[in-house]
Every structure is written in structure tokens, then in C-alpha cells.
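Participant: Mind folding the following:
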Amino acid sequence: VKILGSGNHSNVYQVAPSCSGLPLTAALKVEVDESGHLANELQVLRTLMRVGDIPTPAVLWSGSYFDDPAFAMEVLGPSLRDLRKSIPGEALSVKDALMVGDQLLTCYEALHSLGFLHLSIKDANIATRLNKPDTLMLIDFGRARRWCDEDGSHITRSHLSRKLNGYNFSIHASEGVVPT
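Facilitator: Residues are numbered from 1 along each chain as shown. As a prediction, this is how the structure comes out:
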């Protein structure tokens, strides 16, 4: 078992088939606190997988790992942050930036059409597939929230239910208005 990454609410481990019982190497995401982010992420991923319009990591299993909520998903390729840092000067070409922008706008539009906001948009939360390195996908839906009900009615919130960080800070957010 090798650690692939960690965040504020979970750790991600690479698990070999012999350890997991799964037929392939998987990434095991385990919640490290009681925030409920992992359950929220799993709900959003399952919704996205049902629709199939948005490239998302395939969820292979969900349950408990040593009494902590966990789920296994496909192992992903590098994040956009990792790709950008591997480029001299850390800047994408205009062509690459336009291709990235086009794919991400398509992903965000599809996500919003399903009634969700990602709420943690940053280059580290955009990854490639190992078998399709030209395809970008959104990851880390732990902070994602619905912006509309099933019937399309707007959901309003008058306060923030999460801490702000430098990646998703805005004047409105600092005043307690959740972006929609």
C-alpha cells in the first residue's frame, strides 16, 4: 500500500489487486476526520457516473476501511498542477490552455446542469486518465454542493458551511454568501 496523496479530509492510497480483492490496482480514498466530505463525494461521483456525460473517476467499491468511510476508484494520471509544473516556466502554451479551457467548461457546464457546484476548483483537482492522457476530469467532490433542487428551484444559503482558503476566496464568500 502506497500513499498517493492526502488532503484535509482524506488520504488516497494505491492498493494492489492482491490486497484489495479487486481485479486491478485501485486508489483507496479514506476519510481521516468526521466531516462527511467522503460521503458527499461518493454521492456526487455516483450521480455523475449514472449520467455519463462528465469524465469522472470510476468508483469500484465503497464501504469501511478499519472503521473509516472509504471508497476505491480507478488510479488516475497526473493532475493539471503536476503537468504544469513539469513544463519549463510552468506555463501552458496558448493552444494547450485553450484545449484545457474547452474541456473544463464542458465539464463544469455538465456538472452545473445536474445541479452541482464543485466549490474547490484548482489545478490539483483536475486530473488525466492513465489510459487517456488527453482527457481531463474533475476530481475531489468533497465540497461539492447542490445549487438547485431536483425540480430546478434555486437553493439559497446565507452562511458558509466550510472554511475558505486561498483557492476559492472571493469578496462575496468573505461576506458569507455561497457562490451559485
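
Participant: Could you check how far residue 156 is from residue 150?
Facilitator: Here the criterion is CB to CB, to the nearest Å. By it, residue 156 lies 16 Å from residue 150. Using the backbone N, CA and C atoms, a C-beta is placed for each residue, glycine as well.

Participant: Which stretches in this structure count as helices?
Facilitator: 17-20, 37-51, 80-85, 94-113, 171-174 (DSSP state H).

Participant: Most tightly packed of those helices?
Facilitator: Among the helices of the chain, helix 37-51 has the highest mean neighbour count (mean count of other CB atoms under 10 Å), at a mean of 18.

Participant: Just give me how far that helix sits from the chain centre.
Facilitator: 10 Å (CA atoms, centre = their mean, to the nearest Å).

Participant: Equivalent analysis for stretch 78-85, please.
Facilitator: A distance of 15 Å separates the centroid of the chain from that of stretch 78-85, by CA atoms, centre = their mean.

Participant: Contacts for that stretch, please.
Facilitator: 86, 90-92, 100, 122-128, 136, 139 (CB atoms under 8 Å, 6 or more residues apart in numbering).

Participant: of all the helices of the chain, which lies closest to residue 8?
Facilitator: Taking CB to CB as the criterion, residue 8 comes closest to helix 37-51 out of the helices of the chain, the separation being 8.2 Å.

Participant: what packs against that closest one?
Facilitator: Using 3 or more CB pairs under 8 Å, 6 or more residues apart in numbering; DSSP states H and E as the contact definition, the elements that helix 37-51 packs against are strand 26-31, strand 59-65, strand 68-74.

Participant: one more time with 6 Å
Facilitator: When contacts are defined as 3 or more CB pairs under 6 Å, 6 or more residues apart in numbering; DSSP states H and E, helix 37-51 sits against none of the other helices and strands.

Participant: what's the angle from that helix to strand 59-65?
Facilitator: 160 degrees (axes from the mean of the first three to the mean of the last three CA atoms, to 10 degrees).

Participant: Looking at helix 37-51 now, give me its mean pLDDT.
Facilitator: Averaged across helix 37-51, the pLDDT comes to 90.
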